[in-house]
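# Got a predicted structure plus its sequence, pasted below:
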There are 2 protein chains.
Amino acid sequence: MPLSGAKGFTEEELKRYIQGDPDLKAKIPGDASTWSVKEVGDGNINFVFIVEGGEGRGMVVKQALPYVRCIGESWPLTADRAMFETTALVDGHEMCPDHVPQVYKFDKKVSAIFMEYLAPPNIILRYGLIDGVVYLHLADCMSTFLAATLFKSSLFALPSAEYRKKLAFYADNSPMCELTEQVIFTDPYGDAFHNRHNSPYLDADVADLRRDAAAKDAISELKAKFCTQAQALLHGDLHTGSVMVTQDTVSVIDPEFAFYGPMGFDIGAFISNLFLAFFASDGHETGQGEREEHRAWLIACCRDVWNLFQNKFLKMWNEKCDSSAYPELLFGAKVQDSDGARRICQETFMRQVFEDTLGFAGAKMIRRIVGVAHVQDMDRIEDAKVRADCEKRALKFGKRLLIGRATFESIEEVVSAASELRRSSSSGQG
Amino acid sequence: MPLSGAKGFTEEELKRYIQGDPDLKAKIPGDASTWSVKEVGDGNINFVFIVEGGEGRGMVVKQALPYVRCIGESWPLTADRAMFETTALVDGHEMCPDHVPQVYKFDKKVSAIFMEYLAPPNIILRYGLIDGVVYLHLADCMSTFLAATLFKSSLFALPSAEYRKKLAFYADNSPMCELTEQVIFTDPYGDAFHNRHNSPYLDADVADLRRDAAAKDAISELKAKFCTQAQALLHGDLHTGSVMVTQDTVSVIDPEFAFYGPMGFDIGAFISNLFLAFFASDGHETGQGEREEHRAWLIACCRDVWNLFQNKFLKMWNEKCDSSAYPELLFGAKVQDSDGARRICQETFMRQVFEDTLGFAGAKMIRRIVGVAHVQDMDRIEDAKVRADCEKRALKFGKRLLIGRATFESIEEVVSAASELRRSSSSGQG
Ligand SMILES: Nc1ncnc2c1ncn2[C@@H]1O[C@H](COP(=O)(O)OP(=O)(O)O)[C@@H](O)[C@H]1O
Ligand SMILES: Nc1ncnc2c1ncn2[C@@H]1O[C@H](COP(=O)(O)OP(=O)(O)O)[C@@H](O)[C@H]1O
Ligand SMILES: [Mg+2]
Ligand SMILES: [Mg+2]
Ligand SMILES: [Mg+2]
Ligand SMILES: [Mg+2]
Ligand SMILES: [Mg+2]
């Protein structure tokens, strides 16, 4: 059944496609005539269909069209991204099976990924956070995902030849990297056509940012890291809209931006979205202080994601006595003082990842306030003035992380600074 | 004419090969029966033939066999390196025609590169330095080569998509990178089979190095940079044996280790070999102080290579108002305070390249004293004790650069430290 990739499946076409593939058909209970097909894509870029049979079981079909969905055909984007997303899902599932859905099939001709359906009560984490829901297992699961995928795809686990093969493969996901370069590392700091901000409230802040030499220096350094530092296979778009949760499970979806880059980019992406939720929460209160507990949890979650990531990563490191990065010849048990040497290396390494994490987190907060793609956490605050207050704080904190990333001693200092900034700048305001 | 790549050309086979290719044949004057063929390979890895006709004109044929020449078939190495060397020579010649010889032909079947012959009086720079020759144009030419190739192959000049294509291409030169990882970043810091040192004189120094946690921390950080930081297309083996000179010209040959890596790796490689010549020079004196002037020039040359590299690189940066790394939207003439912002970015960038340069320079000095491949500058000092004194100073300075790379404020401080170290530790010694 030849389908034009540029058009996308109709519901009927999709049903027929699945019926034509026995392996896929077997995943959905009941007769095809009883299946329901819904397009549920709420992301910015692609189309996502849920095909459900009886008993709420079914599959998800994600289809990439050769443009950016939320902008339209005027912003073309290669449909190859679906191939990279597939490979990244498969790699991710292998490295961290508990937190990455399974892929059943990829069909390049129609740029469609057929994958495991994360059925209700799974919801997108961002919406849970907007509603003030607490997920006590979140930091544990996300730190597991981060530590596993970043460690196992890097020179900590792979022989360097294998690492370079993977790096070269994902380097072809270049259009997605270019998009990131533009929307995260370039446009927010200049007068770019697609930029949006809460005007007139943030006009002055935006003008300030565009002539802020320290911000440009920092973002340029981070952009260079993003483009040139191939530390590990990254998800590449790890915001809270790329995570589905229940009270027991956490699944990471949507790695279409996957490529080899700096570890801090993924960690920072996730943490920055927790901070955005934190600064937005004032705007979702119907009574003052209503969200205090939720905010305290968000702060703890930021802190725990980092600390648990660090612990889990170092545990894997300690258990692997030989790697391309830290070979046995230098760090093995038989080598004099090798434990001490390894500990010093671990401090050096983690300090750098920590700074990168903060810098990228700052960059990602900033771009969500003044760039093309905003977050629902803020956008759902109806009163533009209230929203502006939340956005200003987030922007201020983002700049502080970006520019001051080397000045924070610990994650404790970082989360305290966030709480402090919110408190001091929201006093005197209802 | 099918030739076994694993065997290498005989002189007769090579003559016949060239006669069979009209374009090649036309480059060599006279009748083939009058041509001379000499194997002149003095490098560690490959075979190099000079085919000369009348008037001293001819061509060079470099052939890669699937093992390391100086070790033998017990150390296999892919002959693919000749393809990467060819591409790197072609890329290099395009970026910097004055300092990279021209390639006439590459034949993959016999892993042979046919290229421009750098006829006498061209000699390998290392031999000139050992003989105490001064090359007043060296710093100017080498800084031109470094600035041109590093700038033009990076995100300063290439659109990011093109950059990633080249990066992915050169990532396949992985066996050569693995060799570097082993012989520069791993073996010298452990008890590796192929290591050599001037025993018993340096036994204690070697033992110290192998339990030096700070050295292991530094070398691990630099190894990670080498493997993961794809800043620019590097030569990858830029020691003074990869440079041919006359009193008027400088040509860079032998880029078989070419890959995308940190800029400081190439700059550091070259500078470290000047420092090795500097510390070796005491061992070549037949009368005390005889080489004082040569040493002063070597020191000035180190300083000038860095300073001129920096000036030339920044000049290209200033002249290019739009790049993937520093886009016009942020740094263009129309943007408020953009000059100031660019200057800050330039300081940040150059400081990092400077530190990398020192670190890699240190690593390369160390590996030439205690690793598998030493330098003639030292090896030609016949008296083992005299040689040991020179080697100890070089090793000490190498460690200082490696571990203390962040503590030097300027290249002036670096070269002063080298002079100072030599003076203080050679006093009381004839
Ligand atoms: N495996 C899945 N199970 C259930 N729902 C999914 C699944 N994958 C995607 N979705 C739904 O589709 C939406 C868009 O998917 P996503 O992969 O994020 O697409 P985009 O790349 O366009 O952002 C998600 O927010 C989620 O609601
Ligand atoms: N283009 C050339 N012109 C003249 N001599 C050359 C040329 N290329 C190589 N040689 C000579 O051959 C030697 C070995 O070449 P090189 O490329 O360094 O090989 P290897 O990879 O084995 O080190 C050089 O030291 C130099 O003497
Ligand atoms: Mg999405
Ligand atoms: Mg997406
Ligand atoms: Mg050579
Ligand atoms: Mg890289
Ligand atoms: Mg060579």
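Great, that's in hand. Numbers count the residues shown, from 1 in each chain, chains lettered A, B, ... in the order given. Ligands and ions are numbered 1, 2, ... in the order given.

# can you list the residues of the stretch 51-200 of chain A near ligand 1?
For the stretch 51-200 of chain A, the contact set with ligand 1 under Cβ under 6 Å from any ligand atom comprises A:Val60, A:Lys62, A:Pro101, A:Met115, A:Glu116, A:Tyr117, A:Leu118, A:Ile124. Heads up, the C-betas are built off the backbone N, CA and C, glycines and all.

# Between those residues, identify the one with the most neighbours.
Among those, the one with the most neighbours (other Cβ atoms under 10 Å in any protein chain shown) is A:Lys62, at 25 neighbours.

# mind listing what that one touches?
Applying Cβ atoms under 8 Å, 6 or more residues apart in numbering or on different chains to A:Lys62 gives the contacts A:Gly41, A:Asn46, A:Phe47, A:Val48, A:Phe49, A:Ala82, A:Glu85, A:Ala112, A:Ile113, A:Met115.

# likewise A:Asp254?
A:Asp254 makes contact with A:Gly43, A:Glu85, A:Asp237, A:Gly241, A:Ser242 under the criterion Cβ under 8 Å, 6+ apart.

# Narrow the residues you listed to just the buried residues.
Listed as buried from the contacts of A:Asp254 are A:Gly43, A:Glu85, A:Asp237, A:Gly241, A:Ser242; burial here means 16 or more other Cβ atoms under 10 Å in any protein chain shown.

# Of all pairs in the contacts of A:Asp254, which one is the farthest apart?
A:Glu85 and A:Gly241 (14.8 Å; Cβ to Cβ).

# Go through the residues of the stretch 201-350 of chain A and report the one nearest to ligand 2.
In the stretch 201-350 of chain A, the residue that lies nearest ligand 2 is A:Ser324 (24.4 Å; Cβ to the nearest ligand atom).

# Can you lay out the residues of the stretch 51-200 of chain A next to ligand 1 as TSV showing pLDDT?
Converted to TSV, these look like this (pLDDT from 0 to 100):
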residue	pLDDT
A:Val60	98
A:Lys62	97
A:Pro101	98
A:Met115	98
A:Glu116	98
A:Tyr117	97
A:Leu118	97
A:Ile124	97
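
# Strands of chain A, start to end?
Taking DSSP state E to define them, one finds strands in chain A at A:36-39, A:47-52, A:58-63, A:67-68, A:72-76, A:103-107, A:112-116, A:123-124, A:232-234, A:243-245, A:250-252, A:259-261.

# With distance to A:Val183 as added columns, please give those strands in TSV.
Formatted as TSV, the strands of chain A follow (distance: least, Cβ to Cβ, whole Å):
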stretch	distance to A:Val183
strand A:36-39	25
strand A:47-52	20
strand A:58-63	21
strand A:67-68	10
strand A:72-76	11
strand A:103-107	26
strand A:112-116	23
strand A:123-124	20
strand A:232-234	16
strand A:243-245	20
strand A:250-252	21
strand A:259-261	15
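
# closest one to ligand 5 among those?
Among the strands of chain A, the nearest to ligand 5 by Cβ to the ion is strand A:259-261 (30.5 Å).

# That closest one pairs with which strands?
strand A:232-234 (antiparallel) (DSSP bridges).

# what's the spacing between the residue of the stretch 301-430 of chain A found nearest ligand 5 and A:Tyr170?
Going by Cβ to the ion, ligand 5 is nearest to A:Ser324 of the stretch 301-430 of chain A, at 25.5 Å. Distance, A:Ser324 to A:Tyr170, by Cβ to Cβ, to the nearest Å: 18 Å.

# How about A:Met350?
24 Å.

# Neighbour count for those two, which is higher?
A:Tyr170 (26 against 17).

# count of neighbours near the nearest residue to that one once chain neighbours are set aside?
Once flanking residues are discounted, A:Tyr170 sits nearest to A:Phe259: 4.5 Å by Cβ to Cβ, 6 or more residues apart in numbering or on different chains. Neighbour count of A:Phe259, defined by other Cβ under 10 Å: 26.

# Show the contacting residues for A:Phe259.
By Cβ under 8 Å, 6+ apart, A:Phe259 lies in contact with A:Phe84, A:Tyr170, A:Ala171, A:Asn173, A:Met176, A:Cys177, A:Leu233, A:Leu234, A:Gly236.

# got the contact list for the second one?
Contact analysis of A:Tyr170 by Cβ under 8 Å, 6+ apart lists A:Phe84, A:Thr87, A:Ala88, A:Leu233, A:Ala258, A:Phe259, A:Tyr260.

# Between all of those, which two are separated the most?
A:Thr87 and A:Tyr260 (12.4 Å).

# so which of the buried ones among the contacts of A:Asp254 would you say is closest to A:Glu181?
A:Asp237 (13.4 Å).

# Take the contacts of A:Asp254 and write them to JSON lines, including pLDDT and distance to B:Gly289.
Output for the contacts of A:Asp254, formatted as JSON lines (pLDDT from 0 to 100; distance: Cβ to Cβ, whole Å):
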{"residue": "A:Gly43", "pLDDT": "68", "distance to B:Gly289": "74"}
{"residue": "A:Glu85", "pLDDT": "98", "distance to B:Gly289": "68"}
{"residue": "A:Asp237", "pLDDT": "98", "distance to B:Gly289": "65"}
{"residue": "A:Gly241", "pLDDT": "97", "distance to B:Gly289": "72"}
{"residue": "A:Ser242", "pLDDT": "98", "distance to B:Gly289": "69"}
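
# Can stretch A:190-204 be said to contact chain B?
Yes - residues of stretch A:190-204 contacting chain B under Cβ under 8 Å from any Cβ of the partner chain: A:Gly190, A:Asp191, A:Ala192.

# how long is that stretch end to end?
End-to-end distance for stretch A:190-204, by Cα to Cα, to the nearest Å: 14 Å.

# wait, what's in contact with the residue nearest to A:Ser251 when sequence neighbours are not counted?
In this structure, A:Ser251 finds its nearest non-sequential neighbour in A:Met244, 4.7 Å apart by Cβ to Cβ, 6+ apart. Listed by Cβ under 8 Å, 6+ apart, the contact set of A:Met244 reads A:Leu118, A:Asn122, A:Ile123, A:Ile124, A:Leu125, A:Val250, A:Ser251, A:Ile253.

# could you redo the last one with a cut-off of 7 Å?
Going by Cβ atoms under 7 Å, 6 or more residues apart in numbering or on different chains, A:Met244 touches A:Leu118, A:Asn122, A:Ile123, A:Ile124, A:Leu125, A:Ser251, A:Ile253.

# I'd assumed A:Ser242 was in contact with the fifth one.
No - under the criterion of Cβ atoms under 7 Å, A:Leu125 lies out of contact with A:Ser242, with a separation of 8.3 Å.

# ok, A:Ala64 touching A:Asp80?
No - look at A:Ala64 against A:Asp80 with Cβ under 7 Å: they stay out of range, at 8.1 Å.

# quick one, which of these two is more surrounded?
More crowded of A:Ala64 and A:Asp80, by other Cβ under 10 Å: A:Ala64, with 25 against 18.

# and the nearest residue to that one once chain neighbours are set aside, how many neighbours?
Closest residue to A:Ala64 apart from its sequence neighbours, by Cβ to Cβ, 6+ apart: A:Ala82 at 3.9 Å. For A:Ala82, the neighbour count with other Cβ under 10 Å is 23.

# A:Phe193 too?
7.

# Let me see the confidence value for it.
Looking at A:Phe193, its pLDDT is 95.

# Now do it against B:Leu146, distance only.
Taking Cβ to Cβ, one finds A:Phe193 at 38 Å from B:Leu146.

# again with A:Trp306
39 Å.

# Any residues of the stretch 251-400 of chain A in contact with ligand 4? List them.
Counting by Cβ under 5 Å from the ion, the stretch 251-400 of chain A comes close to ligand 4 at A:Asp254, A:Glu256.

# got the residue ranges for the helices in the stretch 251-400 of chain A?
A:263-280, A:292-319, A:328-331, A:338-370, A:376-379, A:384-404 (DSSP state H, counting those that start in this stretch).

# Buried deepest among the ones you listed, which one?
Mean neighbours per residue, mean count of other Cβ atoms under 10 Å in any protein chain shown, is largest over those for helix A:263-280, with a mean of 28.
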